[in-house]
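**Student:** Generate a structure from the sequence data that follows.
(one chain, ligands or ions: 2)
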Amino acid sequence: MPPSILVTGGAGYVGSHTVATLLERDDNRYDIVVVDNLSNSYRSENEKKPEALRRIEDMTGSTIHFYANDIRDRAALNRIFENHEIECVIHFAALKAVGESVEKPLEYYQANITGTCTLLEVMREHGVTQLVYSSSCTVYGEPQKLPLDEGHPTGQGISSPYGRTKYFCEEIMKDLCASDQNWKVISLRYFNPVGAHGSGRIGEDPYGIPNNLMPFISQVAVGRLSELLVFGGDYPTADGSGVRDYIHVQDLADGHVRAIQLFQDPRFVGFQPINLGTGTGYSVLQMVAAFEAASGCKIPHRVVGRRAGDIATNYADVSLARQLLGWGASRTVIDMCRDTWKWQSENPNGYKN
Ligand code: NAD
Ligand code: WQD
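**Tutor:** Ligands and ions are numbered 1, 2, ... in the order given. Model (predicted):
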């Protein structure tokens, strides 16, 4: 049996792009096994596999093993580890809507923390001790200094239960690594993932009205939404709108491949957080202008009051990623907007039809 990578949440946005990137590599030696409960990904009625994975199989000519299970289902996870020779896990599965997490904190702690603990326990039972974790710049809370490096304090002033689940999971994995030298955990702290696969066949397909900036802009462009509300015009930034470190999802996916390669280095052990961003911040109004330039569409927009919990500016120090992973983002903001537009214009209703 070839070695496998288990990808939890692999039918979702970042997971599907990472699966595609792994399978597209000429030197890929892994089978890909995905577990996803489909709570935030789409599968059409008559199909066994989610649409994103079906399209990746079509693009790459590979077969993806798919299990429609929840990561809290210990028996189901056990069966997956019995059926495949799992070498390492990339753990994307989580609930991620910041606003919803304020309304439903218990659901978020249950899914994200209990889910992660169940996964770690089952991994340990099967002697699998290599994990790449999807963390977030949200663990830094309100930045005390910029750019944010991995030495910046975490856990203070996090504005949502969602953000705290990411912080608590990091702490749990840190303790686990301290207790047992066999564990290797790389916690990738994503800044703002945007964009889509260059083919336009897979991309971000949020349920309902998008919370995040780029899917909102692209749905305005395609006519599904009428205008963008720019949350805040009075931040201490060049144009008054909020500044973020947007990173192309394909660059992010490459970062996961590099993390898996780091597991091969026998000197690497323990818990290691690593930022994945570009190191450069762009404002909301700059992103609107970039999208207009890349798509040729006008984006009607209006500046309104600030959104609760938002910070003015954040961007990453990415030197550790370069040092440890030999990784750096190569795609520009125009690439991000062009690929988002290709996906959205060719799939105006996302994966449905
Ligand atoms: P997503 O919602 O598109 O993907 C998550 C996938 O996990 C979905 O397909 C969902 O159905 C599945 N899932 C959720 N709970 C599950 C459970 N209990 N059992 C099995 N499957 C489950 O989200 P994404 O944007 O791809 O994010 C992936 C990961 O990256 C998440 O952990 C998220 O917190 C983290 N992250 C995302 C961003 C971002 O802006 N997209 C930024 C930082 C960190
Ligand atoms: C970006 C900018 C908004 C929507 C969130 C999570 C964070 C991480 C990434 C997971 C901000 C502005 C947005 C809109 C707007 N996710 N905006 N109008 O808030 O930086 O981060 O996603 O870990 O934890 O909090 O991303 O895309 O929501 O916002 O003006 O309709 O766009 O105010 O300045 P954010 P975002």
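**Student:** Pull out the buried positions in the longest helix along the chain.
**Tutor:** Scanning the chain for the helix with the most residues, using DSSP state H, yields helix 161-179. Neighbour-count burial for helix 161-179 flags 161-170, 172-174, 176-177 (criterion: 16 or more other Cβ atoms under 10 Å). Heads up, the C-betas are built off the backbone N, CA and C, glycines and all.
**Student:** what distance separates that helix from the centre of its chain?
**Tutor:** Taking Cα atoms, centre = their mean, to the nearest Å, the mean C-alpha location of helix 161-179 is offset from the chain mean by 17 Å.
**Student:** Over to stretch 97-111?
**Tutor:** On Cα atoms, centre = their mean, the centre of stretch 97-111 falls 17 Å from the chain's centre.
**Student:** could we number from 642 for the rest of this?
**Tutor:** Taking 642 as the first residue, the last one we looked at is stretch 738-752.
**Student:** what does that stretch rub up against?
**Tutor:** 713, 735-736, 779, 800-804, 806, 809, 852, 950 (Cβ atoms under 8 Å, 6 or more residues apart in numbering).
**Student:** Next, format those as TSV and append distance to ligand 1.
**Tutor:** What follows is the contacts of stretch 738-752, written out as TSV (distance: Cβ to the nearest ligand atom, whole Å):
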residue	distance to ligand 1
713	6
735	3
736	6
779	7
800	14
801	11
802	12
803	7
804	9
806	8
809	13
852	9
950	15
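**Student:** Whatever residue of the chain ends up closest to ligand 2: neighbouring residues, count only.
**Tutor:** With Cβ to the nearest ligand atom, the shortest gap between the chain and ligand 2 falls at residue 883, namely 2.5 Å. Neighbour count for residue 883, taken as other Cβ atoms under 10 Å: 24.
**Student:** for it, phi and psi?
**Tutor:** phi -70, psi 150 (degrees, to the nearest 10).
**Student:** Quick check: the gap between it and ligand 1.
**Tutor:** 15 Å (Cβ to the nearest ligand atom, to the nearest Å).
**Student:** what about the strands in the stretch 742-891 of the chain?
**Tutor:** For the stretch 742-891 of the chain, strands defined by DSSP state E, counting those that start in this stretch occupy the ranges 771-777, 825-831, 833-835, 869-872, 884-885, 887-889.
**Student:** Please identify the most buried of those.
**Tutor:** strand 887-889 (a mean of 26; mean count of other Cβ atoms under 10 Å).
**Student:** Determine whether any part of that strand lies close to ligand 2.
**Tutor:** No. For strand 887-889, no contact with ligand 2 is found by Cβ under 6 Å from any ligand atom; the gap never falls below 8.3 Å.
**Student:** just stretch 952-970 next, same as before
**Tutor:** No. Stretch 952-970 does not reach ligand 2 (Cβ under 6 Å from any ligand atom); its nearest approach is 7.2 Å.
**Student:** What residues of that stretch count as buried?
**Tutor:** For stretch 952-970, by 16+ other Cβ under 10 Å, it's 952-959, 961-962, 965-966, 968, 970.
**Student:** could I get those as TSV with secondary structure?
**Tutor:** Below are these laid out as TSV (DSSP: H, G, I helix; E, B strand; the rest coil):
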residue	secondary structure
952	coil
953	coil
954	strand
955	coil
956	coil
957	strand
958	coil
959	coil
961	helix
962	helix
965	helix
966	helix
968	coil
970	coil
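**Student:** So of the buried residues of helix 802-820, which two are at opposite extremes in space?
**Tutor:** The largest separation in the buried residues of helix 802-820, counting by Cβ to Cβ, is between 802 and 818 at 24.5 Å.
**Student:** which residues sit in contact with the residue of the stretch 842-991 of the chain found nearest ligand 1?
**Tutor:** The stretch 842-991 of the chain approaches ligand 1 most closely through residue 853 (6.1 Å), counting by Cβ to the nearest ligand atom. If you count contacts by Cβ under 8 Å, 6+ apart, residue 853 has them with 833, 835, 847.
**Student:** Now with 7 Å, please.
**Tutor:** By Cβ atoms under 7 Å, 6 or more residues apart in numbering, the contact list for residue 853 is empty.
**Student:** Also the one 10 residues further on?
**Tutor:** With contact taken as Cβ under 7 Å, 6+ apart, residue 863 is in contact with 985-986, 989.
**Student:** if we can go back for a sec, can you put the strands of the stretch 742-891 of the chain in JSON lines and add mean pLDDT?
**Tutor:** Listed next are the strands of the stretch 742-891 of the chain as JSON lines, based on pLDDT from 0 to 100:
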{"stretch": "strand 771-777", "mean pLDDT": "98"}
{"stretch": "strand 825-831", "mean pLDDT": "98"}
{"stretch": "strand 833-835", "mean pLDDT": "98"}
{"stretch": "strand 869-872", "mean pLDDT": "98"}
{"stretch": "strand 884-885", "mean pLDDT": "98"}
{"stretch": "strand 887-889", "mean pLDDT": "98"}
